[in-house]
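Q: Here's my sequence, what's the structure:
(2 chains)
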Amino acid sequence: MSEEQEKNYLDNGEGFRSWFFTVDHKRIGVMYLWAIGVFFIVAAIASFLLRAEHLTPGPTIVNADTYNVLFTLHGSMMVFLFIVPGVAASFGNFLIPLMIGAKDVIFPKLNLYSFWLYLAGALIFMLALAAPADTGWTFYTPYSIETGANVILITFGVFVLGFSSILTGINFIVTMHKLRAPGMTWDRLPLFCWAAYATSLLQVLATPVVGITLLLLIGERYFGLGFFDPAKGGDPVMFQHFFWFYSHPAVYIMILPAMGIVSEIMPVFARKPIFGYKAIAYASLAIALISFLVWGHHMFVSGQSKLVNIIFSVITYAVAVPTAIKVFNWLWTLYKGSIELSTAMLYSLAFIFLFTIGGLTGLFLGALAADVHLHDTYFVVAHMHYVMIGGTVFGFFAALHFWYPKMWGRMFDEFKAKIAFVLIFIGFNVAFFPQFIMGTLGMPRRYFNYAPEFQSLHVVSTYGTWIIGIGFILMLWNLMRPLPGKAPANPYNSLSLEWSMDSPPGTFNFDDIPTVTEPVYNYGTKIEEGA
Amino acid sequence: MKWLPESASTFAPGVDLILWLVTIISVISCVLIAFLLIYFVIKYRRKTENDQTPAITHDSFLETLWTVIPTILCIVIFIYGYVYYDQYTVTPKNAVEVNVTAKQWLWSFDYSNGKKTLNELYVPVDQPIRLVMQSDDVLHSFFVPAFRVKQDVMGNRYTYINFTATKEGVYDLYCTEYCGTAHSDMLGKVHVLSKAKFASWQDGSADKVKKASAASIPPAELGKQLYSNKGCLACHSIDGANGVGPSWKGLFAKNRVFTDGASAIADENYIKESILYPGEKMVEGYGPVMPSYKGLLDDDEITAIIEYIKTLK
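A: Purely as a prediction, here's the structure:
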């Protein structure tokens, strides 16, 4: 390193203005992290209330209308304010330039503007809480047209958030095309970047559709235009097509970055090259592409034609295969490795296990006859949470721990972090596994009251959320209290570029742009093929 | 542990077969992956900082294996899903039609002989039934777990469900498309009767028997049963809580103020009128959402409901 005098990015400027007007991708990433963290906690509190409500079959702590508002709030905040922008915008911003050997993203001001749009969208979303929507995060028509709640404001918030996503996506794509360091060829690009690239493609191509759909919804509510309301000659199923045309790819916007994170962490703590680098990279792109063609599997019982159902069922199974390939590749990265069970590694291994359950239960839902029974039951709720928490959130927590030294320049207490992991892992399974059984037994989702026969399963599920809550508080408390002393530049002996500079990095990342000469996961000793 | 509901239609065994098939595939895959995960972690745990590891980057055989096997399994599951779905969507020639209307928050059923029921569907056993469904307002979804059938119901076109019940009994009917405040109270029952019992239900002789048994219980008790069977509970609370409609607690003999400014005492005649012509005297603060119960409740049943309301002080 050159002069010790160069300030790291956290110390370079103090006060509100130095953050709010920064164009440093790392600071913007950190600001996203704080913002999504706050919304994650608010949305999680809503879920604890929802679960507490289900301790008894009848009214427990809230009334039916409040319950409906709570699940709408929980779903829409988790989706639009946390998980869609979440990992991509926070860790994507922080890591992509560091990983490809660049001093910043290619459009730093656009990057800041995207963050402001995110805040504006979130603010509009918050204003809508004056008369909170009770439509569910899916805003299905015609209920969303007829309800007295403030649907216009909340959907307008989502519309603005969409622009933030699109601009971030464009920024990342161009950055990866133009700013890769010399020698950083596409087949040396870290898999997190591949995942972020696939995610960005989805954001740029799919988000406009939900924007248009929500505008049509606003037009329908505000000007009485008849797009979706049967009473005005519209078609409610068309809304579902539009909505899922975005929201299914959005599922992969949510999960792909987490897959990227796990692909980064596994090789480091197994001291092995990632198994099947090309397969994972291409699987990311294949998943992104196919994900545009499966939206109809959310609508098997919506009244769309039988032929369409059959076609969507076939394509849905086509997306299962690249996903399965990824799981086996991660698994085989462990084979003959030198495995260190750090906290980040534990979250990654849990990701593989839980995501496998999430993926396998998708096989039930893709089968037409089975989906007729399971659609809109707790089975879907459980499946979705296994993918979104067991997948994305566990990946997100893995990233929080893995890049913690780089991001904050300090180390954390691994032991406490591991206890928190164990609590979250156990709590998660206790909370959500019973929901699969409730679903196959026929418990419908979004039910305020429920039949008494489901009470024991509901109660177990609620206890599970309490265990998660304790674990999460412990995790957060631990991360808020870093160990004394500065973190080393490369505490894990990682070979990727983001560990090659000081922790935390200086404002411009690299004093000199590095030249890359070898594959990114070049761990282990070369041996003859098949030896 | 019981993880599937009772199986009571010709479609249910096919669905259960798929559920079992995919469960077995899932459990085997999951155990395999969990086993390898734990085995590798234990066997290859880091012993020293300088452990030598082989730089294995890929293996064509393994990768082909774990591409081909999931592909085959997916094709098999798809085919099973398709075959049973295909059977379910084809309407048998001798199917008997029942018209279904969904409305926030009740189900009404119209039979070919002119009979009409609320929240309770009566069908004969072993007889193919075709439900022709529509909604009066927002989306709903007709779901009977015991039959494994589900279909969304909407306002601009008809949707259909075919089923043949195979076992006599009473089965739960749920609304599974979120439809607002009382979504989770939009419940019904499907009564599967023997051919003989269905015939007597159809010609009305069963009503007389039912009435005779109804006569043997106190009216307020009967009113309480009707409160939950006829869907009143979806909108009217009995504990004073504000719902979509006014609470029944303390309703009787109370002064009611209407949207047009007039007022009246809630006596027997007012309540009867409100049940039969709910749009006539709208209490202030409530919308015109209640359907007329004309033809759905007879005079004795209305009297029973009034008696029940009187008990809710």
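Q: For the residue sitting furthest away from the middle of chain B, what is the enclosing helix or strand?
A: Ranked by distance from the centre of chain B (CA atoms, centre = their mean), the top residue is B:Asn50, with 62.4 Å. Using DSSP states H and E, B:Asn50 falls within no helix or strand.
Q: What is the least confident helix or strand in the chain?
A: All of this refers to chain A. The helix or strand with the lowest mean pLDDT-type score in chain A, counting by mean pLDDT, DSSP states H and E, is helix A:143-146 (a mean of 87).
Q: wrong one, chain B
A: None of the helices or strands of chain B scores lower by mean pLDDT, DSSP H and E than helix B:205-215, at a mean of 68.
Q: need the next SSE after it, C-terminal direction.
A: In N-to-C order, the element after helix B:205-215 by DSSP H and E is helix B:219-229.
Q: Residue 15: neighbouring residues, count only.
A: Reading this off chain A. Residues near A:Gly15, counting by other CB atoms under 10 Å in any protein chain shown, number 7. From N, CA and C alone the C-beta is placed, and that goes for glycine too.
Q: please go with chain B instead
A: 28.
Q: what residues are up against it?
A: For B:Val15, the contacting residues are A:Ala369, A:Ala370, A:Val372, A:His373, B:Tyr84, B:Arg148, by CB atoms under 8 Å, 6 or more residues apart in numbering or on different chains.
Q: Now it: which helix or strand?
A: Using DSSP H and E, B:Val15 sits in helix B:12-43.
Q: Quick one: name whatever helix or strand follows that helix.
A: helix B:60-89.
Q: Give me the average confidence score over that next one.
A: Averaged across helix B:60-89, the pLDDT comes to 94.
Q: Buried residues of it, list them for me.
A: Residues of helix B:60-89 classed as buried: B:62-63, B:66-67, B:70-71, B:73-74, B:77-78, B:80-82, B:84-85, B:88-89 (neighbour count, 16 or more other CB atoms under 10 Å in any protein chain shown).
Q: The next helix or strand after that helix: partners in the sheet, and parallel or antiparallel?
A: Per DSSP H and E, the first helix or strand lying C-terminal to helix B:60-89 is strand B:96-103. With DSSP bridges as the test, strand B:96-103 is paired with strand B:106-111 (antiparallel), strand B:128-135 (parallel).
Q: Which positions in strand B:96-103 come out as buried?
A: B:Val98, B:Val100, B:Thr101, B:Ala102, B:Lys103.
Q: residues in contact with it?
A: Contacts for strand B:96-103 (CB under 8 Å, 6+ apart): B:107-112, B:121, B:123-124, B:127-137, B:140, B:142, B:153, B:175, B:186, B:291.
Q: how far does it sit from the chain's center?
A: 13 Å (CA atoms, centre = their mean, to the nearest Å).
Q: pLDDT (mean, whole number) over that strand?
A: 94.
Q: And the helix ranked longest in chain A, what's buried?
A: When chain A is parsed with DSSP state H, its longest helix is helix A:236-270. By neighbour count on 16+ other CB under 10 Å, the buried set for helix A:236-270 is A:236-237, A:239-270.
Q: Please apply the same query to stretch A:301-313.
A: A:Val301, A:Ser302, A:Gly303, A:Gln304, A:Asn309, A:Ile310, A:Phe312, A:Ser313.
Q: next SSE after the helix or strand containing the last one?
A: Pointing back at A:Ser313 there. Secondary structure from DSSP H and E places A:Ser313 in helix A:306-333. Using DSSP H and E, the helix or strand that follows helix A:306-333 in sequence is helix A:343-366.
Q: Does that next one reach chain B?
A: Yes. Interface with chain B: helix A:343-366 contributes A:Leu349, A:Ile352, A:Phe353, A:Thr356, A:Ile357, A:Leu360, A:Thr361, A:Leu363, A:Phe364, A:Gly366 (CB under 8 Å from any CB of the partner chain).
Q: Rebuild the residues you listed as JSON lines, extending it with distance to B:Tyr227, neighbour count and pLDDT.
A: Below are the residues of helix A:343-366 next to chain B laid out as JSON lines (distance: CB to CB, whole Å; neighbours: other CB atoms under 10 Å in any protein chain shown; pLDDT from 0 to 100):
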{"residue": "A:Leu349", "distance to B:Tyr227": "54", "neighbour count": "27", "pLDDT": "97"}
{"residue": "A:Ile352", "distance to B:Tyr227": "52", "neighbour count": "24", "pLDDT": "96"}
{"residue": "A:Phe353", "distance to B:Tyr227": "48", "neighbour count": "20", "pLDDT": "96"}
{"residue": "A:Thr356", "distance to B:Tyr227": "48", "neighbour count": "26", "pLDDT": "96"}
{"residue": "A:Ile357", "distance to B:Tyr227": "43", "neighbour count": "24", "pLDDT": "96"}
{"residue": "A:Leu360", "distance to B:Tyr227": "44", "neighbour count": "23", "pLDDT": "95"}
{"residue": "A:Thr361", "distance to B:Tyr227": "39", "neighbour count": "23", "pLDDT": "96"}
{"residue": "A:Leu363", "distance to B:Tyr227": "43", "neighbour count": "27", "pLDDT": "96"}
{"residue": "A:Phe364", "distance to B:Tyr227": "38", "neighbour count": "26", "pLDDT": "96"}
{"residue": "A:Gly366", "distance to B:Tyr227": "42", "neighbour count": "25", "pLDDT": "95"}
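Q: Would you tell me which one of the residues you listed comes nearest to chain B?
A: A:Leu360 (4.0 Å; CB to the nearest CB).
Q: on that earlier part again, elements contacting the longest helix of chain A?
A: helix A:84-100, helix A:191-223, helix A:277-290, helix A:306-333, helix A:343-366, helix A:394-402 (3 or more CB pairs under 8 Å, 6 or more residues apart in numbering or on different chains; DSSP states H and E).
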